[in-house]
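Colleague: The following comprises the amino acid sequence and a computationally predicted model.
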Amino acid sequence: MSDSIKAPDGTGRVRYYSIARKLNTRMFWRLLGLFIWIDILLGVITGIGLIVYSEYKAEASAKIIAEYGIPPADPAGWLRMTGLEIAVVTGEPPGVRLPEPFSYPLPKITENAKRNVTVTSDLSAPFFRRLDGVAYNVYPVIDGTAYHIAVSLGPFFRIFKYALIALFICEFISLLSRAAKDRRMVRRTLDPITELTRAAQNLNAVSSQLDPEKMAALAGKLEGINAARLDTRIQVDETQDELKNLARAINSMLDRINESYRAQVRFVSDASHELRTPISVIQGYANLLDRWGKNDEKTLQESINAIKDEAANMKDLIEQLLFLARGDNNTIMLQAETFNLSDLIREVCGETRMIDTSHEFETRLGDAWVSADRALIKQAARILVDNAVKYTDPGGQITLSTALEDGRAKLKVTDTGIGIPPEIVPRIFDRFYRADESRARATGGSGLGLSIAKWITSRHGGFMEVLSREGIGTKISIALPAAGMELSVPKPEAAAAETV
């Protein structure tokens, strides 16, 4: 694998360290260590099992001796076939007695017996051949006579030899197969690093052919671009072929950054302008009161009314700004519930009629169930109705309707107002944009209402449609996924604008 790293050591020579080889080696030794521990555990368990087996045989033999005496000499050969040898011991028997803590679980009849392990095979024979002569010896004293009970372990070791060979073969095959699988897995895991290394090597190879002056010029242009010069672009024609793709990518990124930066600057400027106007009005009336309005009741009341109105406008503007800021930060959580848009429009229309008596309101309501945040949808509907009221002359008609069309629930607000010029329709959802600047102060709008309505609609997976003609009126529709329907991706810009 080509993911090796070279680093000089203390002698000045260069060593190559392969990440893949290092990982493969670690996993190999980890698996080998696991097998070794398993083998040791199996060996310990086997040894304990053989001791328990020998003790059981010695106990059984001692009980038979205590009841029937030592077997006669004739069947001694048959006795050896069972893996046992029994004889009388003259003199002090060899071996050691187990200390008190270890002799406690032993049978009573062999509790005080001496024990040892002997090897009767030729010590020059191979290891497994020597194991054939291994015997576990117990020397119990029964009725004052010492006996030698030898339990032959050779047959077990012969079986254990073949089992051990089979185990080692299986472990060896498992190590090889596991190593191959781990190698493939490591290569797949390190493929991204390999590709990155290859790309860096190719770039390094190409860089030797690039014009150092043009590369320096490209770097100099990048260093000269800052927030004040985001409109600066790299001239693609002046770069070499190898740098054109990089230059185009940088230019595209600069376009997006510049657009976002200008939108932020424009937003801050518009917000400052909107706040500066009411503050100037409040400050002007405060100066008026300070000069001669303290004793003039008419001037005092006029100033108080103006200050209250401007403070209310500032409050509404700040609330709208905070709403948009929370929306941009995705901190507004929707409280979805299922309801009928016709009920909501009936409620909005009733509230509007109580406030505005200078317009005619008509409703055309059809069932249109949605699963959405009722408070936010009601806020969007109020924004559309407020705009219709502001830009429709007294006596004009405003129609509110709901319907289910093409699997979407639609809320429509139609007015007979001044209409919107065709060239302005695509911009009405921009923040702080107002189609009729001359009526801005009269209507009291800040140009944020439709932006908020658009955000609410988009957040619910819907979109907005605009149909308008100057001097005839405007129809703005909100289309939302009907209840039970899956949310669809909003249309581009979350609004479709049309003019007639």
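Modeller: Received it, and whenever you're ready, just let me know what you need.
Colleague: Next one, pLDDT for Gly83 please.
Modeller: On pLDDT, Gly83 comes in at 74.
Colleague: should've said Leu203
Modeller: pLDDT, read off for Leu203, is 51.
Colleague: And for Leu300?
Modeller: Model confidence at Leu300 (pLDDT) stands at 81.
Colleague: Go through the host helix or strand of it and flag the buried ones.
Modeller: Using DSSP states H and E, the element containing Leu300 is helix 297-328. By 16 or more other CB atoms under 10 Å, the buried positions in helix 297-328 come out as 299, 303, 306-307, 310, 313-314, 317, 320-321, 323-324, 327. Backbone N, C-alpha and C define where each C-beta goes, glycine included.
Colleague: Residue ranges in the stretch 51-200 of the chain under the pLDDT threshold?
Modeller: By pLDDT under 70, the low-scoring segments of the stretch 51-200 of the chain are 71-81, 121-130, 192-200.
Colleague: hey, where'd the helices end up in it?
Modeller: Secondary structure of the stretch 51-200 of the chain (DSSP state H, counting those that start in this stretch): helices at 76-81, 100-103, 127-130, 154-189, 191-207.
Colleague: Which other helices and strands does the longest one contact?
Modeller: Just to be clear, that refers to helix 154-189. Counting by 3 or more CB pairs under 8 Å, 6 or more residues apart in numbering; DSSP states H and E, the packing neighbours recorded for helix 154-189 are helix 19-68, helix 127-130, strand 134-139.
Colleague: And the residue nearest in space to the middle of the chain, how far from Arg459?
Modeller: Centroid check for the chain by CA atoms, centre = their mean gives Asn330 as the closest residue, at 17.7 Å. Using CB to CB, to the nearest Å, Asn330 is found at 9 Å from Arg459.
Colleague: next one: Phe172
Modeller: 63 Å.
Colleague: Specify which residue of the two has the higher count of neighbours.
Modeller: Ranked by neighbour count (other CB atoms under 10 Å), Phe172 and Arg459 place Arg459 first, with 17 against 11.
Colleague: In contact with that one, which residues are there?
Modeller: 327, 332, 334, 376 (CB atoms under 8 Å, 6 or more residues apart in numbering).
Colleague: Would you format those residues as a markdown table with distance to Gly33 and secondary structure included?
Modeller: Below are the contacts of Arg459 laid out as a markdown table (distance: CB to CB, whole Å; DSSP: H, G, I helix; E, B strand; the rest coil):
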| residue | distance to Gly33 | secondary structure |
| --- | --- | --- |
| Gly327 | 57 | helix |
| Ile332 | 56 | coil |
| Leu334 | 55 | coil |
| Leu376 | 61 | helix |
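Colleague: which of those residues lies closest to Ile70?
Modeller: Checking these against Ile70 with CB to CB, the nearest one is Leu334 at 94.5 Å.
Colleague: Tell me the spacing between the closest one and Ala20.
Modeller: Remark: distance between Leu334 and Ala20 (CB to CB) = 49 Å.
Colleague: So these two - more neighbours on which side?
Modeller: The residue with more neighbours, out of Leu334 and Ala20, is Ala20; 19 against 13, by other CB under 10 Å.
Colleague: Would you agree that one is in contact with Met185?
Modeller: No. If you go by CB atoms under 8 Å, Ala20 and Met185 don't touch, sitting 10.2 Å apart.
Colleague: Compute the distance between the closest residue to Tyr285 other than its chain neighbours and Ala135, please.
Modeller: Leaving out its chain neighbours, the residue that sits closest to Tyr285 by CB to CB, 6 or more residues apart in numbering is Ser303, at 4.1 Å. Ser303 sits 119 Å away from Ala135, taking CB to CB as the criterion.
Colleague: Show me where the stretch 201-350 of the chain has its helices.
Modeller: Using DSSP H, counting those that start in this stretch, helices in the stretch 201-350 of the chain cover 212-224, 241-288, 297-328, 341-355.
Colleague: Now do the closest residue to Gly366 other than its chain neighbours, the pLDDT please.
Modeller: Counting by CB to CB, 6+ apart, Ala403 is the residue found nearest to Gly366 once chain neighbours are left out, at 4.5 Å. Listed pLDDT for Ala403 reads 93.
Colleague: Any idea how far the helix or strand encompassing Ala403 is from the middle of the chain?
Modeller: Applying DSSP H and E as the criterion places Ala403 in strand 397-405. The chain centroid and the centroid of strand 397-405 are separated by 43 Å under CA atoms, centre = their mean, to the nearest Å.
Colleague: residues of it that come out buried?
Modeller: Using 16+ other CB under 10 Å as the test for burial, strand 397-405 gives 398-404.
Colleague: who's in contact with Tyr433?
Modeller: Shown in contact with Tyr433 (CB under 8 Å, 6+ apart): 427, 447.
Colleague: Which helix or which strand is home to it?
Modeller: Short version, using DSSP H and E: Tyr433 is in no helix or strand.
Colleague: That one and Gly83: what is the separation?
Modeller: To Gly83, Tyr433 is 102 Å away according to CB to CB.
Colleague: Now Asp182. Nearest residue, chain neighbours left out?
Modeller: Met27 is the one closest to Asp182 (CB to CB, 6+ apart), at 4.8 Å.
Colleague: Then Pro278?
Modeller: Nearest non-adjacent residue to Pro278, counting by CB to CB, 6+ apart: Glu310, 3.9 Å away.
Colleague: Am I right that the one you found is in contact with Gly284?
Modeller: No. Checked against CB under 8 Å, the pair Glu310 and Gly284 is beyond contact range at 9.8 Å.
Colleague: the helices in the stretch 351-500 of the chain, which residues?
Modeller: 374-390, 440-443, 449-459.
Colleague: among those, which is nearest Ser477?
Modeller: Going by CB to CB, the one of the helices of the stretch 351-500 of the chain nearest Ser477 is helix 374-390, 9.0 Å.
Colleague: just checking, what packs against that closest one?
Modeller: Packed next to helix 374-390, using 3+ CB pairs under 8 Å, 6+ apart, are helix 341-355, strand 397-405, strand 408-415, helix 449-459, strand 473-481.
Colleague: For that helix, buried residues please.
Modeller: 374, 376-381, 383-390.
Colleague: CA-only coordinates of the strand holding Ala403 in PDB, if you can.
Modeller: What follows is strand 397-405, C-alpha atoms only, in PDB (Å, rounded to 0.1, in the frame of the first residue of the first chain):
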ATOM      1  CA  GLN A 397     -63.300  44.000  -1.500                       C
ATOM      2  CA  ILE A 398     -61.100  41.400   0.200                       C
ATOM      3  CA  THR A 399     -61.800  37.700  -0.400                       C
ATOM      4  CA  LEU A 400     -60.500  34.900   1.800                       C
ATOM      5  CA  SER A 401     -60.800  31.400   0.500                       C
ATOM      6  CA  THR A 402     -59.600  27.900   1.300                       C
ATOM      7  CA  ALA A 403     -59.700  24.700  -0.900                       C
ATOM      8  CA  LEU A 404     -58.000  21.400  -1.500                       C
ATOM      9  CA  GLU A 405     -56.200  21.300  -4.800                       C
END
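Colleague: Can you tell me the strand partners of that strand and which way each runs?
Modeller: Neighbouring strands of strand 397-405 in its sheet, by DSSP bridges, are strand 360-365 (parallel), strand 408-415 (antiparallel).
Colleague: looking at the ones you listed, which is buried most?
Modeller: Highest mean neighbour count among those (mean count of other CB atoms under 10 Å): strand 408-415, with a mean of 23.
Colleague: Just want the angle from that one to helix 374-390.
Modeller: Going by axes from the mean of the first three to the mean of the last three CA atoms, to 10 degrees, strand 408-415 is angled at 30 degrees with respect to helix 374-390.
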